[in-house]
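Enquirer: sequence? don't have it. structure:
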């Protein structure tokens, strides 16, 4: 008798705990206002939001804003859909006319994307005009780094975004320009403006860089630095990688120097140069940047290696680096080598 009473209590608990839950699931109430994908028995696929359910019909608002009343008898399955991956994300959108949009995606449909720009304007962008959408890293700072593809002098693994361009200047007398031809290919170059020196005696530099792998956390690039003064030419071929966000990242690379004398074969160095560096964002208007070179070889000496450290002062479009390059042998003679450079980014 006691066992029968215990069995009845168990059945009652099962009924209380599970039957209402099953009933609620069958009613579909938990799906109202949910983003869903509905498969119909004629092969049609509907994407949208359920706004009402009855015993005989489901009322769906599609991604294009139409309200469709779907008979339950025609429904094969209803699945909850994941939200669009870029919704409410900070993005950079490249269009096929060369325009670059920066902002937040606030709505997506099958044909358009609604973007709120950094200036607060809402722009409806046809999907057919979009070349690429690049999601930005989440950041605690509203002001991006205008010099996001460089350490002090050396490049990071990040290529410039398509259409981005900036003017740079080292030590006042070494200006140049960089431009993102695509989201993966950056071309930079410059000519020195040393006073009292003829044009043919100025330093010419060209540095193409190809980003062959980019993701939210890792960017890998390869490139060549070519420099020329009169008939003397040389530079460095390099591979560089960066891990982390623009606010906090680590960069390492390897390069091989070369000399290209006129009429002679290119002569590469026997030992590579290693690059170690990184940056940490300190505030809305300041970050710290480090760039260190290790020149390998049989006569490697630590006190001959250049170690760089700079504060980067950040404006809306301008970044100014002020720091020092420490070489042990030079430091013994007095002071570290000062470093000064700035970048003006033309990106809107």
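Expert: Looks like it came in fine. Predicted model, so just to flag it, every value in this text is computed and none were measured.
Enquirer: sheet-wise, list the partners of the helix or strand containing residue 237 with their directions.
Expert: When secondary structure is defined using DSSP states H and E, the element that contains residue 237 is strand 232-245. Here strand 232-245 is paired, per DSSP bridges, with strand 218-229 (antiparallel), strand 248-259 (antiparallel).
Enquirer: buried residues of it, list them for me.
Expert: Buried residues in strand 232-245, counted by 16 or more other CB atoms under 10 Å: 233-245. The way it works is simple: take the backbone N, C-alpha and C, and place the C-beta from them, glycine included.
Enquirer: what about this structure, any weak spots by pLDDT?
Expert: Counting by pLDDT under 70, the chain shows low-confidence ranges at 1-34, 81-89, 136-140, 348.
Enquirer: mind splitting it into its structural domains?
Expert: Domain ranges of the chain: 2-80, 90-135, 165-345, per automatic domain parsing.
Enquirer: these: which one's closest to residue 157?
Expert: Nearest to residue 157 among the domains of the chain is domain 165-345 (3.6 Å), distances taken as CB to CB.
Enquirer: and stretch 252-268, how far apart are its ends?
Expert: Terminal residues of stretch 252-268 lie 21 Å apart, using CA to CA, to the nearest Å.
Enquirer: mind listing what's buried in that stretch?
Expert: In stretch 252-268, counting by 16+ other CB under 10 Å, buried: 252-255, 257-258, 260.
Enquirer: stretch 264-282 now?
Expert: Within stretch 264-282, the residues that count as buried by 16+ other CB under 10 Å are 269, 272-273, 275, 277-279, 281.
Enquirer: can you add distance to residue 216 and secondary structure and give those residues back as TSV?
Expert: As requested, those are exported to TSV (distance: CB to CB, whole Å; DSSP: H, G, I helix; E, B strand; the rest coil):
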residue	distance to residue 216	secondary structure
269	35	coil
272	29	coil
273	29	strand
275	22	strand
277	20	strand
278	17	strand
279	17	strand
281	17	strand
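Enquirer: could you dump the residues you listed to TSV with distance to residue 54?
Expert: Conversion of these to TSV gives the following (distance: CB to CB, whole Å):
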residue	distance to residue 54
269	77
272	72
273	72
275	66
277	63
278	60
279	58
281	54
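Enquirer: residue 103: which of the residues you listed is nearest?
Expert: Nearest to residue 103 out of these is residue 281 (CB to CB; 21.2 Å).
Enquirer: tell me how far the closest one lies from residue 287.
Expert: 5 Å (CB to CB, to the nearest Å).
Enquirer: list the residues that contact both of these two?
Expert: Common neighbours of residue 281 and residue 287, counting by CB atoms under 8 Å, 6 or more residues apart in numbering, are 145, 247.
Enquirer: mind putting the domains of the chain in JSON lines, distance to residue 141 included?
Expert: JSON lines is the format used below for those (distance: least, CB to CB, whole Å):
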{"stretch": "domain 2-80", "distance to residue 141": "31"}
{"stretch": "domain 90-135", "distance to residue 141": "12"}
{"stretch": "domain 165-345", "distance to residue 141": "5"}
